[in-house]
Every structure is written in C-alpha cells, then in structure tokens.
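Undergrad: Take this sequence and fold it.
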Amino acid sequence: MAEQTLLIGLCDGELDPRKYPSTFLTNKIGGKPDWSSAVTGQSPCCRLCSAPLAHVVQVYCPLQDSPYHRNLHLFACCQPGCSGTSGSWTVLRCQCPEALNQSSTPQVVVPSATDWCEGGDDHRQQSEDLQTGGRCFKISKSLACCHLSIRGEYERREGTAVWEGEEGGGGGGEKYEKAEARHRDAAFFRFMKAVSLCPQQILRYCRHSKPLFISKPPSKVSQAVPACGSCGEPRTFELQLMPALVSLLQRTDSSPEDELEFGTVLVYTCTNSCWTAGTNCPVEEIFVFKSDILI
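TA: You can find the predicted model right below:
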C-alpha cells in the first residue's frame, strides 16, 4: 500500500494543443477522454434517462509497484432531473502495461507512482482543443478544456487548521444545545475549514484514506460501498471532486440551464485495482454521491 499522501487538484490554464496534444497520461478537466491504445473507447449512458454522459475529468493515477499505466475517467449527465443524483455519474478505470505505450508516446514524461503528479509544472501535458458537438464539457468562458495540476504541499497545514478550529466550546445553560449543534455540523465545519485554505481546489486525491465529507456520513461507510464487480474485493476511497469545479464547467451542446451541480463526488475503486491481461474494456467503478449543494 502506498503512503497516504493528500494531493490537491487545481485548474492550471489552457495551453496550445497543437504543440502539446493530450494523451491518456494527461490530467485534465473537460474535453474528450483520451484512451490508451490498449483500451476501446467507451461512451457510457445515464442510468436514469439513457442519454450519453459527458466527460468531466480525466486523472492519470498509476499505483506504486504496478506494471500498469492507470487512469480514471469521470462522466456525468446534466439533463434536468438527473443532475445531482447518483445514477447520473459513471467512473471508468483503464489500465495498460507500461511497455505497451512506450514507443507510441516517447515525448511524454511519465510520473512515477510514488510522486504522482506532484510539482505538476515539471511534467505537465497539455489539453486538446474542444471539438464542437459531442458530449463533453469545456471550461466556462473558454474554447478549450483545462490542464489539471496536482500538488501535495499542504496536508499538514490543512489538518492543523481544521482541528484547531474545533477547539473551544460553550458552557452554561446552553451547553447541551451547543454540543448537539457542534455534533450535527462537525462534518460541514471540517469541510469548509479545509476548503477555505485552498478555495480553488477542484479535486482531492488520497487513495486508501478517508474522504472529506460535506455532511455527516453513514455510520458504516465501508459496508455501504459495494465490492468490486469484477473480482469481488472491497473498494477503497481514491478521490473526490470539489464544489469549485462546478463553476468551471459548461456544456458544449446544451443550453445554460443544463448545468452540473454537486457538493462533492466521492470515488471508490477496487482495492486490488484488478485488471485482466489482454482485456480492452474499462472497468466500471463506483462512487458515493453527496447531493448537498453549496450556495
């Protein structure tokens, strides 16, 4: 198991796709998904309305001591009545042997699993121009998708601030009421305190750790997350999308009223990251969707 290091994703601007075309090794927001040569591209549909889903985020996330390239694609539906519900999201995990793509992408610098995308400026890949039409997102007020820069520099500072903020408390005749209020709001308080240290964060990555809940989670979260549908092993938390991402996304093929809204999206993946040699189909993972909307 790799060290549980919190990594933060930030929108890092648009770059010329003619010079730096994106690949499956690229971390990006919006645009079309980039599939490796070993995987057949997928166009998932909404479980609620059967409409094609739009591509939201692509994350390159290899695991320590693994012989595979590995990335996650998150798709969502923005149709009225679907946005804001669990069935309108799909997560696909893709893997391919590292040696398979070495000759076809020699210009790409591949980060190791131990320092995955830290210091993103050192080995960024660029975003592609967004093709008109199709099911995808673009960055608001822009003509392209955006590079997703991942950094891991503030975990200690965030943790200290969150827990220091919970010190103290009331007393007197309202002690019980205040204690109850603190109990109800503790998860939301921690969420807002952590986000306040880096309001522009749009993604948090920390595999095998715990997510930052926006509201009080179920008492037995691990039991609420189904096992992997491919190998039967438990799933583990890997990443979550943050509220700041909502304002960045805009559909390319719909009216402004069709918008994606969420408080946070929690992604859980197979603990073993199982993959059958020779397969060309992505593995569908699962997420626990928190429908709270931040105003």
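
Undergrad: which secondary structure element contains the closest residue in space to residue 27 that isn't next to it in sequence?
TA: The shortest distance from residue 27 to any non-neighbouring residue, by CB to CB, 6 or more residues apart in numbering, is to residue 148 (3.9 Å). Heads up, the C-betas are built off the backbone N, CA and C, glycines and all. In this assignment (DSSP states H and E), residue 148 forms part of strand 146-151.

Undergrad: Show me what that strand is packed up against.
TA: Applying 3 or more CB pairs under 8 Å, 6 or more residues apart in numbering; DSSP states H and E, we find strand 146-151 packed against strand 7-11, strand 28-29, strand 54-60, strand 203-205.

Undergrad: CA-only coordinates of that strand, as PDB, when you get a sec.
TA: The C-alpha trace of strand 146-151 is given here as PDB (Å, rounded to 0.1, in the frame of the first residue of the first chain):
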ATOM      1  CA  CYS A 146      -8.100  22.700 -18.900                       C
ATOM      2  CA  HIS A 147      -5.000  21.100 -17.600                       C
ATOM      3  CA  LEU A 148      -5.400  19.700 -14.100                       C
ATOM      4  CA  SER A 149      -2.400  20.400 -12.000                       C
ATOM      5  CA  ILE A 150      -1.900  18.100  -8.900                       C
ATOM      6  CA  ARG A 151       0.000  19.300  -5.900                       C
END
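
Undergrad: Quickly run through the sheet partners of that strand, with directions.
TA: Using DSSP bridges, the strands paired with strand 146-151 are strand 7-11 (antiparallel), strand 28-29 (antiparallel).

Undergrad: Residue 95: which of the helices and strands packed on strand 146-151 is closest?
TA: Relative to residue 95, the nearest member of those by CB to CB is strand 54-60, separated by 11.2 Å.

Undergrad: now the angle between strand 54-60 and whatever helix or strand comes next after that closest one, please.
TA: The helix or strand immediately downstream of strand 54-60 is strand 68-76, counting by DSSP H and E. Put simply, strand 68-76 runs at 160 degrees to strand 54-60, going by axes from the mean of the first three to the mean of the last three CA atoms, to 10 degrees.

Undergrad: Please enumerate the helices of this structure.
TA: Here the chain has its helices, by DSSP state H, at 155-164, 175-196, 221-224.

Undergrad: hey, least reliable of these by pLDDT?
TA: Mean pLDDT is lowest for helix 155-164 among the helices of the chain, at a mean of 57.
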